[in-house]
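Chemist: Predicted coordinates and the sequence they were generated for:
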Amino acid sequence: MDELQRQFLYDLLSVASPSGFEQGGQQIWLDYLEPYATELRTDAYGNAVAVYEGGESETEIALAGHGDEIGLMVREVAEDGYLKLSRIGGADSSVTRGQHVTVHTAAGPLAGVVGQTAIHLRDSEDGGDEKVTDMFVDVGATDGEAAEELVDVGDPITFSSGVQELEGSRLAGRGLDNRTGVWAAAEGFRRAVEAEAEATVYAVSTVQEEVGLRGARMVGFDLDPDVMIATDVSHAVDYPGAPKSKTTPHELGAGPVIARGTQNHPQLVAAGRTLAEEAEIDVQLAASGGPGGTDAVAFYTSRGGTPTLDVGLPNRYMHTPVEVVDLEDLDAVAALKGSLAARIDEFMPITPGE
């Protein structure tokens, strides 16, 4: 990953993009791809698409990730000036108390904190299962009238944790789910363009994945490609006390995750594994026998069915302000996506079965 690619990732991570409020991140993504794309476009809800028209091939392949993140929202401005909360997507109440947050208002970002009663004043059983809707944000307003001058109901809220470089190639921060995925889609697209792919290649950054795969349903129907390669984070459970029996155990630094089952077409699974082996990219496999929860689920049932593959990025502590990934894994995801886009015709046509 060179300095330009790293800065692109950091730029994506620096902008708040909770579901329904993705515009800032989507614009950064489009600006990065402009030099490589034949066409850039967005739809009414902000799904962003970059197009490379390719050569003689009639195959169309899309590389996708979702551009939104989880967050909070102002549900009510109380008379005492505190902001009552609701969730955007799967925000985790267990890590919400005592956090610095930013309220994204019409006038600009507003600093606040999620209140937490001091440990000295709590009963021993307090705080174990409190809901986000029982919590509040303190922005320093002295009463409700003062708070209403600052915020509106429906203003989104994000944790204020920034990007932190850890040892080696590890990176921590908020929103790695799934800025890493849209970074990989953009980088895979760039690499396919530089390889002069014969297929038409789309890069896609969807909106509103965290609230029900809604953007993927829109753009999947609109594009109707022959092949879709989606990237989201997958659970890395290589830390103390991790519940390894609840998922396929993946590790940071062990490479991209290729899922098998349900939406993951066997031919594309085989293609991904073949290209990874040729490029000496280590991969991990995932068992995907349930309904799934990534954009790939929406893409593969779009229209008459779209052959789809999930290429995941191992991620520790998902849906917290301190998610951790390995940048070498991320670069490998982008390389694999770019190779699939550049060489997809070697694996066409897509037919049922192995």
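Modeler: All right, it came through fine. Since the structure is predicted, the reported quantities are computational estimates derived from the model, not experimental observations.

Chemist: List the buried residues for the helix or strand that Ala271 is a member of?
Modeler: Assigned by DSSP states H and E, Ala271 belongs to helix 266-278. Within helix 266-278, the residues that count as buried by 16 or more other Cβ atoms under 10 Å are Pro266, Gln267, Leu268, Val269, Ala271, Gly272, Arg273, Leu275, Ala276. Every residue, glycine included, has its C-beta placed from N, CA and C.

Chemist: In CSV: the residues you listed, plus pLDDT and distance to Tyr202.
Modeler: Output for the buried residues of helix 266-278, formatted as CSV (pLDDT from 0 to 100; distance: Cβ to Cβ, whole Å):
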residue, pLDDT, distance to Tyr202
Pro266, 96, 23
Gln267, 97, 19
Leu268, 98, 16
Val269, 98, 21
Ala271, 98, 18
Gly272, 98, 18
Arg273, 98, 23
Leu275, 98, 19
Ala276, 98, 22
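
Chemist: Closest to Tyr239 out of those?
Modeler: Ala276 (25.2 Å; Cβ to Cβ).

Chemist: The closest one is in contact with Leu336, isn't it?
Modeler: Yes: the pair Ala276 / Leu336 is scored as a contact, 5.7 Å apart, by Cβ atoms under 8 Å.

Chemist: what sits in contact with each of those two?
Modeler: Common neighbours of Ala276 and Leu336 (criterion: Cβ atoms under 8 Å, 6 or more residues apart in numbering): Pro256, Val283.

Chemist: which stretches of the stretch 251-354 of the chain have low pLDDT?
Modeler: 353-354 (pLDDT under 70).

Chemist: Show me the strands in it, by range?
Modeler: Secondary structure of the stretch 251-354 of the chain by DSSP state E, counting those that start in this stretch: the strands cover 257-260, 284-287, 308-315, 323-326.

Chemist: For stretch 19-29, buried residues please.
Modeler: Ser19, Gly20, Phe21, Glu22, Gly24, Gly25, Gln26, Ile28, Trp29.

Chemist: Helix or strand for the third one, just tell me which one.
Modeler: Assignment of secondary structure by DSSP H and E places Phe21 within no helix or strand.

Chemist: now it: how far from Ala106?
Modeler: 12 Å (Cβ to Cβ, to the nearest Å).

Chemist: Pick out the residue nearest the middle of the chain.
Modeler: Asn178 (1.5 Å; Cα atoms, centre = their mean).

Chemist: right, and that one touches Ile70 too?
Modeler: No: at 10.1 Å, Asn178 does not count as touching Ile70 under the criterion of Cβ under 8 Å.

Chemist: which residues of the chain score low on pLDDT?
Modeler: 124-129, 353-354.

Chemist: where exactly do the helices run in it?
Modeler: Under the criterion DSSP state H, the chain contains helices at 3-14, 23-33, 144-148, 176-194, 214-223, 266-278, 295-300, 327-343.

Chemist: Send me the longest one as PDB with only the CA atoms.
Modeler: Right, the one you point to is helix 176-194. Extracted in PDB, the C-alpha atoms of helix 176-194 (Å, rounded to 0.1, in the frame of the first residue of the first chain):
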ATOM      1  CA  LEU A 176     -13.400   0.000   9.400                       C
ATOM      2  CA  ASP A 177     -16.700  -1.800   8.800                       C
ATOM      3  CA  ASN A 178     -16.900  -1.100   6.000                       C
ATOM      4  CA  ARG A 179     -14.700   1.700   4.700                       C
ATOM      5  CA  THR A 180     -12.100  -1.000   4.200                       C
ATOM      6  CA  GLY A 181     -14.600  -2.700   1.800                       C
ATOM      7  CA  VAL A 182     -15.200   0.400  -0.300                       C
ATOM      8  CA  TRP A 183     -11.500   1.000  -0.300                       C
ATOM      9  CA  ALA A 184     -10.900  -2.500  -1.600                       C
ATOM     10  CA  ALA A 185     -13.600  -2.100  -4.300                       C
ATOM     11  CA  ALA A 186     -12.000   1.200  -5.500                       C
ATOM     12  CA  GLU A 187      -8.500  -0.300  -5.400                       C
ATOM     13  CA  GLY A 188      -9.500  -3.500  -7.100                       C
ATOM     14  CA  PHE A 189     -11.200  -1.300  -9.800                       C
ATOM     15  CA  ARG A 190      -8.000   0.800 -10.200                       C
ATOM     16  CA  ARG A 191      -5.800  -2.300 -10.600                       C
ATOM     17  CA  ALA A 192      -8.200  -3.900 -13.100                       C
ATOM     18  CA  VAL A 193      -8.100  -0.700 -15.100                       C
ATOM     19  CA  GLU A 194      -4.300  -0.600 -15.000                       C
END
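
Chemist: for the helices of the chain, which one sits closest to Glu167?
Modeler: Here helix 327-343 is closest among these (Cβ to Cβ), at 11.9 Å.

Chemist: Does anything pack onto the closest one? Which helices or strands?
Modeler: strand 60-66, helix 176-194, strand 227-230, helix 266-278, strand 308-315 (3 or more Cβ pairs under 8 Å, 6 or more residues apart in numbering; DSSP states H and E).
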